[in-house]
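*Asks:* let's see this in three dimensions:
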Amino acid sequence: MPNKPGQSGELYTDLCIIGGGAAGFFSALTAAENFPQCSIVIVEQSKDVLAKVRVSGGGRCNVTHQCSEIAEFIRHYPRGGRELRGPFHQFGPKDTVAWFEQHGVPLKTEADGRMFPKSDSSETIIRCFTMLATKLGIRVMTQSKVMDIQIPESPGEAFRVLAGNSIIHSSCICITTGSSPFIWQLLSQKGYTIVPPVPSLFTFNLPNHALKQLMGVALTEATVSLPDAKISSSGPLLITHWGISGPAVLRASSEAARWLAQQQYRAKVLINWDAGLSAAELSDKRILHPKKKVTADNPPNIPARLWKWLCSLSLKDQEKNWASLSKEEMTALIRNTTQFDVHMEGKTTFKEEFVTAGGVDLRQIHFTSFESKLHPGLYLAGEILDIDAVTGGFNFQAAWTGGYLAGRHMALAVSHKKQSGIA
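*Replies:* Just a heads-up that it's a prediction; the model follows:
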C-alpha cells in the first residue's frame, strides 16, 4: 500500500526503485518474483503511480506489438534499437505476452499489429501491477520527490536516496523516472552524459495552408518525406485542422526528431498521397483510359474528395478527360499527387503519446543487465535512457524489457550479497 504523505525517518531496504511507472513497477515485480526475500521500495513523486500507463493508447494501453522478428522489431527504434537487440532476445514481445497471460491479463492483437488488454482498459494493467505489488510485499511511497542520490564510496556500502522526508538506504537502486530534467541534472553531476532531450512523436503543423479544408480525409498508405534530412516514412496519413498526422508523420517526426529541433520545426515536406503510385502509372492513364474524365478517375488509394482537390490545383478545366490534358497539366497533376510540396511550421504533441528523444548516454549502460558502467549497483531503465520508438507498443516494450532485466539482475545481486553475508 502507498505510504501517507509526510512520513519521515530512515528506511533500510534491499532495492529502491525511483519512479513508479511502467519500467519501475516491472523491475520491482520481476525482482520480487525472482527473490521473494528481497525487500523493495518504489518511490514516486506524484500522488498516483503508473500515470502514463493509465492514459496511453486512449486509456487502453498499447502493451506491445505483435512483430516477433527481433531484427524487424528494432527498426522501430530511431534511438536505441542496436542496443536493444540483445535484451529483446532475453525478454521480447513474446515474453511480454506470456507474462501478462500468466498474470491474468490476456492480450489481443489488432489489424495493425498493436496489442492491447482484451478488456480494452489500461486499468486492467494497473490493477494487475498494484495488486501483485501488494501480494509480493513491495512498499510504494507516493508524493515522495527524490532530492538527491548519494553514491556509496566503497563496495558493500549502501546507496542513500533522499526522498520526501525520508532517507532510504538501499543495496541497489533502479532509476526509472522517464523524461525527468531534474533527475537528468542530478545524474550529470555524478558523471553521466545526458544527450539533450528533444520532443519525438508529433504531428506537422501547416498553418494557413489550404490543405486543411480537407480535414478528416484519411489515406491508408502515403509517404511523407523530409528531403533536406533525407528521411522518408510510409503509412496511414490523416489531414487535420492543424496539418497532417497519422503513423507516416509520427514515424518521420521520430526519425528526424533531433534534426527538426535544430530547424525549429520548420522544414520542407513532400507527400506522395499513394505510396504505391508512380509518376509513370499516372502518365499511362492517358493511354489506358483516354476518354475517362480525370476528376472522376481517382486512383483507388486516394479518396475522391482529395483527388478532386488535387485536380483543381492542376487542371485549367475540370471537365477534361485524360487524352485532352496538356503536358503542363499532366506534369502538375503528377507533381501534386506524388510530390505534393508543403512547408511545416511548428508541431503538435500527438494525443497522450508524449515521448522524448534524449537521456542518459547509452554508452554508459551494460545492456545485459541495464546496470550503470559508472556505478555498480545502480540500474537505469525506461525513458530515462536515450531510447525512444515510434507508436505501436514499442516504447512500452522497451520499458518491460529494461525493467525485467534490471529487476532480475538486482535480485541476483542482492541474493548473492545475502548468501555471502554482506547484506
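
*Asks:* lowest-confidence helix or strand of this structure?
*Replies:* Sorted by mean pLDDT, DSSP states H and E, the helices and strands of the chain end with strand 347-349, the least confident at a mean of 87.

*Asks:* what packs against that strand?
*Replies:* Counting contacts by 3 or more CB pairs under 8 Å, 6 or more residues apart in numbering; DSSP states H and E, strand 347-349 packs against strand 202-205. Every C-beta, even on glycine, is put in place using the N, C-alpha and C of the backbone.

*Asks:* give the buried residues for the longest helix seen in the chain.
*Replies:* Across the chain, the longest stretch assigned as helix under DSSP state H is helix 394-420. Using 16 or more other CB atoms under 10 Å as the test for burial, helix 394-420 gives 394-411, 413-415, 417.

*Asks:* do stretch 297-310 as well
*Replies:* Neighbour-count burial for stretch 297-310 [16+ other CB under 10 Å]: 298, 302, 303, 306, 307, 309, 310.

*Asks:* got the end-to-end distance for that stretch?
*Replies:* 12 Å (CA to CA, to the nearest Å).

*Asks:* again with stretch 102-113
*Replies:* By CA to CA, the extent of stretch 102-113 from end to end equals 21 Å.

*Asks:* what's the following helix or strand after the least confident helix or strand of the chain?
*Replies:* Counting by DSSP states H and E, the next helix or strand C-terminal to strand 347-349 is strand 355-360.

*Asks:* compute the inter-axis angle for that next one and helix 394-420.
*Replies:* 40 degrees (axes from the mean of the first three to the mean of the last three CA atoms, to 10 degrees).

*Asks:* got the contact list for the helix or strand that strand 355-360 is followed by?
*Replies:* Sequence-wise, the next helix or strand downstream of strand 355-360 (DSSP H and E) is strand 365-366. Strand 365-366 is contacted from outside by 83, 371, 372, 373, 380, 385, using CB atoms under 8 Å, 6 or more residues apart in numbering.

*Asks:* repeat the analysis, applying 7 Å as the threshold.
*Replies:* Residues from elsewhere that reach strand 365-366 (CB atoms under 7 Å, 6 or more residues apart in numbering): 372, 373, 380, 385.

*Asks:* farthest-apart pair in those residues, please.
*Replies:* Taking CB to CB, the two most distant members of the contacts of strand 365-366 are 373 and 385; they sit 12.7 Å apart.

*Asks:* which of these two has more residues huddled nearby?
*Replies:* residue 385 (27 against 11; other CB atoms under 10 Å).

*Asks:* what values do phi and psi take at the more buried one?
*Replies:* Note on residue 385: backbone dihedrals following degrees, to the nearest 10 are phi -90, psi 160.

*Asks:* can you check the pLDDT for it?
*Replies:* On pLDDT, residue 385 comes in at 98.

*Asks:* with residue 209 instead?
*Replies:* Reading off the model, residue 209 has pLDDT 94.

*Asks:* what's the answer for residue 8, then?
*Replies:* 62.

*Asks:* same thing with residue 417?
*Replies:* In this prediction residue 417 is given a pLDDT of 86.

*Asks:* for the protein, which spans come out with low pLDDT?
*Replies:* Low-confidence segments of the chain (pLDDT under 70): 1-8, 350-354, 422-423.

*Asks:* helices of that one, start to end?
*Replies:* 22-34, 51-59, 70-73, 81-90, 93-102, 122-135, 181-188, 247-255, 257-262, 279-288, 304-314, 327-338, 394-420.

*Asks:* so residue 133 touches residue 140, yeah?
*Replies:* Yes. The pair residue 133 / residue 140 is scored as a contact, 6.4 Å apart, by CB atoms under 7 Å.

*Asks:* now do residue 86 against residue 295, distance only.
*Replies:* Relative to residue 295, residue 86 is positioned 55 Å away (CB to CB, to the nearest Å).

*Asks:* which of these two has more neighbours?
*Replies:* Counted by other CB under 10 Å, residue 86 and residue 295 do not tie: residue 295 has more neighbours, with 19 against 12.

*Asks:* contacting residues around that one?
*Replies:* By CB under 7 Å, 6+ apart, the neighbours of residue 295 are 308, 311, 318.

*Asks:* out of those, which is nearest to residue 263?
*Replies:* Taking CB to CB as the measure, residue 263 lies nearest residue 311 of the contacts of residue 295, at 32.1 Å.

*Asks:* what about residue 82, neighbour count?
*Replies:* Residue 82 has 11 nearby residues by other CB under 10 Å.

*Asks:* how about it, nearest residue that isn't a chain neighbour?
*Replies:* Using CB to CB, 6 or more residues apart in numbering and skipping residues adjacent in sequence, the residue nearest residue 82 is residue 74, 7.0 Å away.

*Asks:* neighbours of the one you found, how many?
*Replies:* Neighbours of residue 74 under the rule other CB under 10 Å: 19.

*Asks:* distance of it from residue 286?
*Replies:* 44 Å.

*Asks:* also residue 65?
*Replies:* 43 Å.

*Asks:* list the buried residues for stretch 269-276?
*Replies:* Buried residues in stretch 269-276, counted by 16+ other CB under 10 Å: 269, 270, 271, 272, 273, 274, 275.

*Asks:* what's the most distant pair in those residues?
*Replies:* Maximum distance among the buried residues of stretch 269-276 (CB to CB): 16.4 Å, for 269 and 274.

*Asks:* what's the burial count for the closest residue in space to residue 303 that isn't next to it in sequence?
*Replies:* Here the nearest residue to residue 303 in space, its sequence neighbours aside, is residue 217; by CB to CB, 6+ apart that works out to 5.4 Å. The tally of other residues near residue 217 (other CB under 10 Å) stands at 18.

*Asks:* surely residue 217 touches residue 239?
*Replies:* Yes. Residue 217 lies in contact with residue 239 (CB under 7 Å); the separation is 4.6 Å.

*Asks:* JSON lines for the contacts of residue 295, including distance to residue 334?
*Replies:* Putting the contacts of residue 295 into JSON lines (distance: CB to CB, whole Å) gives the following:
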{"residue": "308", "distance to residue 334": "16"}
{"residue": "311", "distance to residue 334": "12"}
{"residue": "318", "distance to residue 334": "17"}
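
*Asks:* for residue 97, state which of those residues is nearest.
*Replies:* When the contacts of residue 295 are ranked by distance to residue 97 (CB to CB), residue 308 comes first, at 44.8 Å.

*Asks:* distance-wise, check the closest one relative to residue 294.
*Replies:* 10 Å.

*Asks:* ok, now residue 249?
*Replies:* Separation of residue 249 from residue 294 (CB to CB) stands at 28 Å.

*Asks:* quick one on the thing from earlier: between the contacts of strand 365-366, which is nearest residue 70?
*Replies:* Nearest member of the contacts of strand 365-366 to residue 70, counting by CB to CB, is residue 385, at 18.6 Å.
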